[in-house]
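# sharing a sequence plus its predicted fold:
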Amino acid sequence: MEIGGTALAFYGLGATALATSLVVLKRRLQLSKAKYASLDGHARIARRIASLVPFYEYDESRFFCSDKAPAEIAARRREGFVRLATLYATRFRETNRRTAEVIGAISDLQFTEAYRVPFQYSRFVLQHLKIGAFIQSSEGVMVADLDGNRFYDLTGSYGVNLLGYDCYKRTMEHALARVRELGPVLGPYHTVIADNVKRLTAISGLDEVSFHMSGTEAVMQAVRLARYHTRRSHLVRFCGAYHGWWGDVQPGVGNPVPARETYTLKDVSDDSLRLLRTRCNIACVLVNPLQALHPNGAAPADSSLVDSGRRAQFDKAAYADWLKRLRAVCTERNIVLIFDEVFVGFRLALGGAQEYFGVRADLVTYGKTVGGGFPIGVICGRKDLMKRFRDDRPADICFARGTFNSHPVVMGAMNEFLQLLDTPEVRGLYRNIDERWNSRAEQLNARLRDESLPVQVANMSSIWTVCYTRPSRYNWMLQYYLRAEGLALSWIGTGRLIFSLNYSDSDFAAVADRFVAAVRAMERDGWWWSNPSLTNRSIKYDILKEIIAYRFSPRHKHLGPMLRN
Ligand SMILES: Cc1ncc(COP(=O)(O)O)c(C=O)c1O
């Protein structure tokens with residue numbers, strides 16, 4: 001009896017342990033299924049792999065034929081490269097000289113310079129094709145460097161420049177004039193805030209507003225509020241989406257601390273909805289609507305452009321349908337739905353992504369352009385979610401402050417910007433906005449196709465990205481040809497072109513002419529040489545082989561002597 005009872009207890013325990021393990025396994029499998037099958041979708045693995053990638057680089061003899069192009073093609077590439085290098089050294093002389101004086105002491109600049117192109121090519125390119133850090137002036141849709149060169153601006157100042165630089169010069173000046181009497185007083189508000197709040201609640205359709213100093217901070221606080229009110233730990237972000245540089249929203253490469261309470265799920269996927277339905281620890285879902293252009297893809301920087309695998313295509317109806325389904329699940333599960341409109345807010349429609357896709361969020365973050373030219377982050381949200389204390393638990397608060405929140409000048413410039421949105425001129429810019437930008441993209445694509453050039457653009461309204469149709473290791477060179485034609489790009493290169501809405505048809509025609517000329521020149525110089533054995537897969541495979549070889553034989557880090565200046 002005694003033994004029988006013990007055995008029974010033992011079996012009982014075993015059965016419970018097995019059942020528990022099966023439940024854990026099922027949950028684990030469900031989570032795995034809801035992850036996107038890429039390194040971006042698997043933050044921990046990505047970090048581990050990134051830490052194993054050794055540095056190595058191509059010297060002059062490999063630089064021009066890392067894809068095993070024949071000698072004649074390598075010579076053409078070299079000729080083109082030397083021509084560009086000569087042009088850069090003379091045309092951008094003063095801008096480069098001033099940049100060289102400061103770069104050693106500005107860590108941000110060292111970082112962006114190092115990551116303009118894939119690391120194997122980076123040092124060689126940096127040595128010969130220098131891009132200055134300084135800009136002297138802006139006017140219309142153009143900027144000018146210290147040498148007096150004028151460029152069509154495709155950087156959009158990270159998205160801040162929505163209405164044209166001259167417009168922000170005015171909002172900044174008017175703001176200074178409006179708040180001059182108050183000056184730098186912080187804590188108490190300038191009365192202009194009242195109108196900002198009225199306008200922002202109307203635009204967002206939400207009850208309350210809080211002001212912050214950057215988009216990153218606004219997202220940070222939105223997530224903190226969601227955790228505070230739901231009493232749950234985890235945030236969900238979708239694979240590839242950028243939400244600023246705060247650790248919890250950047251769980252993968254680039255953040256030294258693992259984000260343990262973040263789920264990175266597949267975008268536009270029923271598997272993710274299934275997970276949201278079954279987990280009880282999810283406080284909020286963060287959506288960056290820009291991902292509609294490249295769901296599950298990270299910000300398309302040229303530094304990762306090792307082949308022609310970059311893909312982008314915007315399907316508004318499909319993405320709107322996804323957001324509706326996501327909205328329904330969040331409502332059903334009391335999960336806070338946060339739209340991070342720091343980038344796309346005010347760019348897609350006057351009412352932002354909520355209006356554009358016809359879906360309402362619980363919290364919305366804005367930033368960039370809404371500061372009227374100054375640094376800003378904003379949250380608009382439902383009253384119950386924005387509250388930072390509990391009436392029944394006075395010591396249980398959700399703390400968020402910031403010295404420069406609600407700075408008078410920023411609030412003044414914001415007011416100027418928000419008022420502009422009501423003017424007939426600005427309202428006119430939003431009329432048929434998608435038709436205008438889609439047709440511009442299509443015209444450019446048609447020209448590129450007509451000349452059988454291996455480049456196409458994809459766009460989400462005025463946000464564009466460049467895609468490449470022929471397998472190549474050298475697509476990132478296009479950013480240097482574009483610059484030589486007078487087109488200014490941000491440090492992530494052809495991954496993102498951002499147009500301001502004041503581009504006229506003739507401005508755009510000039511950009512298109514220069515764009516086609518740059519692509520033509522690069523084709524002529526042989527960078528897009530291809531043969532049937534060169535595929536995106538074969539390129540990736542070759543790079544993997546190189547990485548493994550250099551990992552295990554570090555003495556080969558430099559593939560021969562560097563080109564001497
Ligand atoms: C969607 C989104 N969220 C947050 C941020 C962070 O904003 P900031 O750079 O002002 O901190 C950005 C910046 O690009 C963004 O695009």
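Yep, it's here.
# stretch 229-246 near the ligand anywhere?
Yes - Stretch 229-246 reaches the ligand (C-beta under 6 Å from any ligand atom) through 242, 243, 244. No exception for glycine: its C-beta is placed from N, CA and C like everyone else's.
# now do whichever strand or helix holds residue 225: which elements does it pack against?
Using DSSP states H and E, residue 225 sits in helix 215-230. Contacts defined by 3 or more C-beta pairs under 8 Å, 6 or more residues apart in numbering; DSSP states H and E place helix 215-230 against strand 208-212, strand 234-238, strand 282-287, strand 336-340, strand 363-367, strand 377-381, helix 383-386.
# tabulate these (CSV), appending mean neighbour count and mean pLDDT.
Compiled in CSV, the helices and strands packed on helix 215-230 are given as follows (neighbours: other C-beta atoms under 10 Å; pLDDT from 0 to 100):
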stretch, mean neighbour count, mean pLDDT
strand 208-212, 22, 98
strand 234-238, 25, 98
strand 282-287, 26, 98
strand 336-340, 27, 98
strand 363-367, 29, 98
strand 377-381, 26, 98
helix 383-386, 15, 98
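# residue 143 is nearest to which of these?
Among those, strand 363-367 comes nearest to residue 143, with 21.7 Å by C-beta to C-beta.
# ok, which of the helices and strands packed on helix 215-230 comes nearest residue 120?
Nearest to residue 120, of all these, is strand 234-238, at 30.0 Å by C-beta to C-beta.
# contacts for that closest one, please.
Identification of contacts with strand 234-238 by C-beta atoms under 8 Å, 6 or more residues apart in numbering yields 223, 226-227, 243, 248-249, 251, 261-267, 272, 276, 279, 281-288, 291, 295-296, 335.
# the lengthiest helix in the chain packs against which elements?
For the chain, the helix with the greatest residue count under DSSP state H is helix 2-33. Counting contacts by 3+ C-beta pairs under 8 Å, 6+ apart, helix 2-33 packs against helix 270-278.
# neighbours around residue 431, how many?
8 (other C-beta atoms under 10 Å).
# state the pLDDT value of it.
The model reports residue 431 with a pLDDT of 95.
# about what we covered before: show the average pLDDT along the longest helix of the chain.
pLDDT averaged over helix 2-33 gives 79.
# any idea how far that helix is from the chain center?
Centroid separation between helix 2-33 and its chain, computed with C-alpha atoms, centre = their mean, to the nearest Å, is 45 Å.
# tilt between it and helix 270-278?
Relative orientation of helix 2-33 versus helix 270-278 (axes from the mean of the first three to the mean of the last three C-alpha atoms, to 10 degrees): 130 degrees.
# identify the residues contacting the residue of the stretch 51-200 of the chain at minimum distance from the ligand.
Closest approach between the stretch 51-200 of the chain and the ligand, counting by C-beta to the nearest ligand atom: residue 158, at 5.7 Å. Residues near residue 158 by C-beta under 8 Å, 6+ apart: 368, 490, 498.
# could you redo the last one with a cut-off of 10 Å?
215, 342, 343, 367, 368, 369, 490, 492, 496, 498 (C-beta atoms under 10 Å, 6 or more residues apart in numbering).
# which of the residues you listed come close to the ligand?
Applying C-beta under 6 Å from any ligand atom to the contacts of residue 158, those adjacent to the ligand are 215, 342, 343, 367.
# out of those, who's the most crowded?
residue 215 (30 neighbours).
# surely it is in contact with residue 159?
Yes - between residue 215 and residue 159 there is a contact under C-beta atoms under 10 Å: 9.5 Å.
# buried residues in the strand or helix carrying residue 447?
Using DSSP H and E, residue 447 falls within helix 433-450. Residues of helix 433-450 classed as buried: 433, 434, 436, 437, 440, 441, 444, 445, 448 (neighbour count, 16 or more other C-beta atoms under 10 Å).
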